[in-house]
Every structure is written in C-alpha cells, then in structure tokens.
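Chemist: 3D, please:
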Amino acid sequence: ATLTDEGDVDSAFNVFYYGAKKDSNGTWVSEQEFRDRTVAKLLHDYKSERTDGSIWGQDVWVDPYPTFKDGIIVASSITPKTPKLVDGCYQIGSREELFGFANIVNTSLYNIVPFCAKLTDDITMNKNVMASAEHLRDGKNDFIQWTPIKEFDGEFDGQGHTISGLYFNDSTVANAGLFGSVFSKDSLFPTKIINVGITDSYIRSNENAGGLIGKVDTLSKRVIVKNCHSDAVADGYYHFSGLIGAHLDGVLDVSESYATRTTDMGVGSLVAYTTGRLNILNSYSIDVGGRGLVGSTPSLHFIGSDSIVAHISIENSYALSKNKSTGEWDWVGVVNAPYNVPVVYRNAYRYENTQGFIDPDSNKALYFEVTADQIKDGSLASALHMYKNKNIDGTAWGQEVGVDEYPKLTGTISGAATVKTSPLVL
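Modeler: Numbering: from 1, shown residues only. Model prediction:
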C-alpha cells in the first residue's frame, strides 16, 4: 500500500484479502488461494522501486496463509521447477516440473494466450496411494498433496504417459483433480486434454472432483478429452467421479477414454454431472456399485423464460458395474437422467437388468443389453469394433478373449475363433 503524509492508505498495489465483504482496495481471493500458494507466489514475485516481495513464503498445506519465510515450499521433498518452454509449449518430465506448471497457470490471473504443455515421461507423485486406503480421508499419511491446476485454457498432451499417485484431500474446497477446473474461451480453439492416464490416485473435495478434471466451468465454449483414462478414486459430497466431476456449460466431447474403479469408495462414472452438451464416443466405465457413464443431470427447468436442460449423446460406448458383494456383473444405467432430458443413444450397451429394479435411465429402450457371456466371449467387443458412422470408427475397440474380462480400446480382437461368426444377438 502507498501511504500519504498523514499515514492513511491512498491506494493499494498487489494487496489481497478474503472475506464476505468485497472491497475495491485490493483483490479478493478465495480461502483456497491463500492456502495453495497462489497468493504467496504473487506476493513473493512482486517488485517495485520501494518493495521487494521476496521476503514472502509459505509451507503449503502447513501454513494456512503466506508468512515471512525463506521461499515457497510445496512439501518437504518437493521444490517446484519451471519446465522448459519449447516452441511455445511447456515440456514436463518430473513431478517438480508438474508442480511448476501448476504454479505458472494458477498465478496467471489475466492470461490471454492459451497454455500449451506436454508430458515427456511418466510421472509418479506418490507411491502406493491406494494401498493406504484406511488413511486417505483422515490424512494420516506422508503423501505430497497436489495443487489442482485452475481455470486451464489451452492444450495438455500427455503423449501416452501416465501420472500416478495424485493425492488431494480437502473437503472444505471445491474443484479438484489433475485439473481443478478447465474452460474454453473460444469454440474455434477448444481446450484439449489428450493422451494422458491417471492411476493410483485419490481426489477428495467438497464438490466437483475427478481424477482428470474437477469441473468444466460455466461459460465454457468447448472442451475435448480424448484418449484419457483414470482409475482414481474421487470422493466428496457432490459431483465426483473417476474422470470428470461436473460439466457445467458448453460442449464437452469425450472420446476413446475410460474410467475404471475396483473399490466402492467414491463414484466411478465417466462424468458425474452435466448441464451442458455432452458427447461420449468410443468410451466406457467399469465400476463397483456404480453410476454408469453419466452419474446425474438435472431435470428440465427454467430460469426466467429460458429453459435449461442438458443434451447428451452416447455413441459406440458401454457402461458396466460389479456387485459389491458377489463381484459379478450387475445392472447399471448408461445415463442416469430424468425423463425430460434428451439422451441420444447409438450402439450403446450395458449389462442386462435381470433383477426387476426400476431403471434409472428413462431412455432404456434406446440402448442394448448384454449378458455376462457376451461381455466375456468377444461378442460385445465385436459389435463395438465393427461399428461405423460418419463421426466415428469403431476399430479402436478390441479384446484378448480369455485374458481381458471386458472390451478395451486396444484395436484388436483375438483369442476366440467364434467371434467373427457369432455376432451379438440382442
């Protein structure tokens, strides 16, 4: 702050505050931004003729706010490192560089040019996260806590690499995942997250948690998720799933992607909640006591004279779930949607409902049901593999029958001589 001769505050520069009352003298930030080093970084990097901000620091997740200490510490064993910039794209090959990239994005409050990043190697943030299941929620562990990337706009290409051991556990905040939130300013230049896997990870927040993305933000234009997968456990109160938590606006295209979950912690659907235009192509979810490809969406409602309703398209995809007690395949809705939400199915599948339960999917007549044998023997894989449409080629699907328990995105069906001559009968 600049002081007058009388000692009163004349104006405020690089001043931040949190509270219910917003003031023009300073920048309002969230409690999470005080905790996750966002504010500490902005204070630390500030320079003027009168002020050197390098006295500021923070031991993140130990200090609840910035203090006067030597530097910014993410965890005792992690020092963020700025990744190299090659042809306008950050090259990320270590967990230090991943933290460094998160720091770059999260402290760019007024970024105009979309970000570009590529993984150059597999990254292990922590080891054996899910082996410590009993202490994931209570925090009695030594895991390095991840800082979710916020309001990401641009392209993130994993180049086929995986990020394992992500750990985030804070039920007081919203929007958590590798990316806490993403959005797209321009539908002609969509935000893209492609070719990356999330494994052995635990993500817990108050709402909007996903292994890959916590929230696709309101006012977003178009986001593309392609060739991504997650076996992360997402946990919270509202809108959490293995891949994407909440899709709140705009177009979200998910293709050649999957979420798998082998524990009944959290929810393992592909997208937990949507109110936008969601297209799922060549994708699947495998869950325990699960919620299908799409966990929920609200009924048609009105804000003033405007009708608000999601539009969902499912093509050449399937959802499966296992019974918690028996471990056998169990019925699950492909999309858990009210009757007045438009859902279009093209060559979509789920396990047969043989138990007489009320179906959560109001459009059940528009997709196919399969038996346990058809899942196992390559029949379902063949039906997916042979599918063709102007928007989609089913040859991404495959299965090694006798090895793979269900169809996967391997491109080849093998191990069963009868597959080609025994098409799926529905």
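
Chemist: hang on, isn't T274 packed against A310?
Modeler: Yes. Contact between T274 and A310 holds when scored by CB atoms under 8 Å: they sit 4.9 Å apart. Just so you know, the C-beta spots here come from the backbone N, C-alpha and C atoms, and that holds for glycine as well.

Chemist: between these two, who's got more neighbours?
Modeler: More crowded of T274 and A310, by other CB atoms under 10 Å: T274, with 27 against 23.

Chemist: list the residues that contact both of T274 and A310?
Modeler: T297 (CB atoms under 8 Å, 6 or more residues apart in numbering).

Chemist: got a pLDDT number for S241?
Modeler: Looking at S241, its pLDDT reads 89.

Chemist: what do you get for A12?
Modeler: So, for A12, pLDDT stands at 68.

Chemist: same question, S132
Modeler: 75.

Chemist: counting neighbours, what do you get for the nearest residue to it once chain neighbours are set aside?
Modeler: In this structure, S132 finds its nearest non-sequential neighbour in N141, 5.4 Å apart by CB to CB, 6 or more residues apart in numbering. Counted with other CB under 10 Å, residues neighbouring N141 total 17.

Chemist: with the one 4 residues further on instead?
Modeler: Using other CB under 10 Å, Q145 is surrounded by 19 other residues.

Chemist: and the one 10 residues further on, by the same measure?
Modeler: Neighbouring residues of E155 were enumerated by other CB under 10 Å; the total is 18.

Chemist: got phi/psi on it?
Modeler: Main-chain dihedrals, E155, degrees, to the nearest 10: phi -130, psi 130.

Chemist: also N106?
Modeler: When quoted as degrees, to the nearest 10, the phi and psi of N106 stand at phi -70, psi -20.

Chemist: mind checking how far the closest residue to T120 other than its chain neighbours is from I123?
Modeler: Nearest residue to T120 in three dimensions, chain neighbours excluded: G93, at 4.0 Å (CB to CB, 6+ apart). Note on G93: its distance to I123, by CB to CB, to the nearest Å, is 7 Å.

Chemist: again, but for E405
Modeler: The gap separating E405 from I123 is 28 Å, by CB to CB.

Chemist: quick one: residues contacting E315.
Modeler: E315 neighbours (CB under 8 Å, 6+ apart): N279, I280, L281, N282, Y345, R346, N347, A348, N389, N391, I392.

Chemist: could I get the residues you listed in TSV, plus columns for neighbour count?
Modeler: TSV is the format used below for the contacts of E315 (neighbours: other CB atoms under 10 Å):
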residue	neighbour count
N279	18
I280	28
L281	22
N282	23
Y345	20
R346	16
N347	19
A348	23
N389	12
N391	12
I392	18
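
Chemist: looking at those, which has the smallest pLDDT value?
Modeler: Scoring these by pLDDT puts N391 last, at 76.

Chemist: any chance of CSV for the contacts of E315, columns secondary structure and distance to G154?
Modeler: Formatted as CSV, those follow (DSSP: H, G, I helix; E, B strand; the rest coil; distance: CB to CB, whole Å):
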residue, secondary structure, distance to G154
N279, strand, 21
I280, strand, 23
L281, strand, 22
N282, coil, 24
Y345, strand, 32
R346, strand, 31
N347, coil, 33
A348, coil, 31
N389, strand, 30
N391, coil, 25
I392, strand, 26
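
Chemist: for G93 and I123, indicate the residue with more neighbours.
Modeler: I123 (21 against 17).

Chemist: SS state for A234?
Modeler: Put simply, A234 is strand when judged by DSSP: H, G, I helix; E, B strand; the rest coil.

Chemist: tell me the SS of L320?
Modeler: Quick answer, by three-state DSSP: L320 is strand.

Chemist: correct me if wrong: it contacts G333.
Modeler: No. Contact criterion CB under 8 Å: L320 and G333 do not qualify, at 11.6 Å.

Chemist: joint contacts of the two?
Modeler: Joint contacts of L320 and G333 (CB under 8 Å, 6+ apart) are R350.

Chemist: grab the nearest non-local neighbour of V39.
Modeler: F16 (5.0 Å).

Chemist: ok, A176 - contacts?
Modeler: So, once contact is read as CB under 8 Å, 6+ apart, A176 ends up touching P148, F168, D170, I203, R204, S205, N208, A209, G210, G214, G236, G245.

Chemist: neighbour-wise, which one of the residues you listed leads?
Modeler: For the contacts of A176, the largest number of neighbours (other CB under 10 Å) sits with A209, at 38 neighbours.

Chemist: secondary structure element holding that residue?
Modeler: Secondary structure assignment for A209, by DSSP states H and E: strand 202-210.

Chemist: F68 bridge partners, please.
Modeler: Assessed by DSSP bridges, F68 has beta-bridge partners W56.

Chemist: L188 versus that one, what's the distance?
Modeler: For F68 relative to L188 (CB to CB), the value is 46 Å.

Chemist: then G139?
Modeler: Taking CB to CB, one finds G139 at 43 Å from L188.

Chemist: neighbour count for those two, which is higher?
Modeler: G139 (13 against 8).
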